[in-house]
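> generate coordinates for the sequence data below:
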Amino acid sequence: MLKQDKKTLLEKLTKLKEEKNNIIIVRHKKLAFSSFDGARRSIANDDTIIKKVKNSIIKILFKNTQYEELNHNTFQEILLIFSSNLFQACEVAQFLEKNNEQVEILEGFCENEKYSSNIIKQVASIGSKKQLQSNLLHVINDVGASILRVINAKCENK
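Numbers count the residues shown, from 1 in each chain. Model (predicted):
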């Protein structure tokens, strides 16, 4: 990578880091761009962004920041997942890991708190706000329908 290209990439990543309050770090081994392009398409919005970077970029990007402790020597090639939505960032990371044997969730900072890969996976399994609302409405609808069936049965018995 040319020095100017590296500088431009660092500027873009720094801007994303400042704009998004959730950053998840995923390690991959020689993963082709097309392998994680499906995750990009599945999120289908501008809020969550996946960037493929090298270890040297990570070291520069996180130097003298709250994320500096993420600088592991074990990093090889990295995917950074930036998002304002905690659930969505975790879901994308889990999607990548489930669909690619060469991908491993390392850790991340979400809402300025450090999270391990296990916690990121647990958050992803909870689901988004829309999914939770949908599940709640389904439960309420089932209870309402059961009450109406009981009332109708009582009315028919009279």
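
> please work out the average pLDDT along the top helix by length along the chain.
Longest helix of the chain, by residue count under DSSP state H: helix 129-157. Over the span of helix 129-157, the pLDDT mean works out to 86.

> okay, buried residues for it please.
Buried residues in helix 129-157, counting neighbours by 16 or more other C-beta atoms under 10 Å, are absent. Placement of C-beta: from N, CA and C, glycine included.

> use 28 as the first number for this chain going forward.
Yes, from this point I'll number from 28; that puts the last item at helix 156-184.

> from the chain's centroid, how far away is it?
Put simply, helix 156-184 sits 33 Å off its chain's centre (C-alpha atoms, centre = their mean, to the nearest Å).

> following element in sequence after the worst-scoring helix or strand of the chain on mean pLDDT, please.
Ranked by mean pLDDT, DSSP states H and E, the weakest helix or strand in the chain is helix 60-70, scoring a mean of 60. Next in sequence after helix 60-70, counting helices and strands by DSSP states H and E, comes strand 76-81.

> so in that sheet, which strands flank that following strand, and in what orientation?
Strand 76-81 pairs in its sheet with strand 104-110 (antiparallel), by DSSP bridges.

> can you give me the buried ones in the partner strand?
Neighbour-count burial for strand 104-110, with 16+ other C-beta under 10 Å as criterion, is recorded at 105-110.

> model confidence over that strand, on average?
The pLDDT scores in strand 104-110 average 84.
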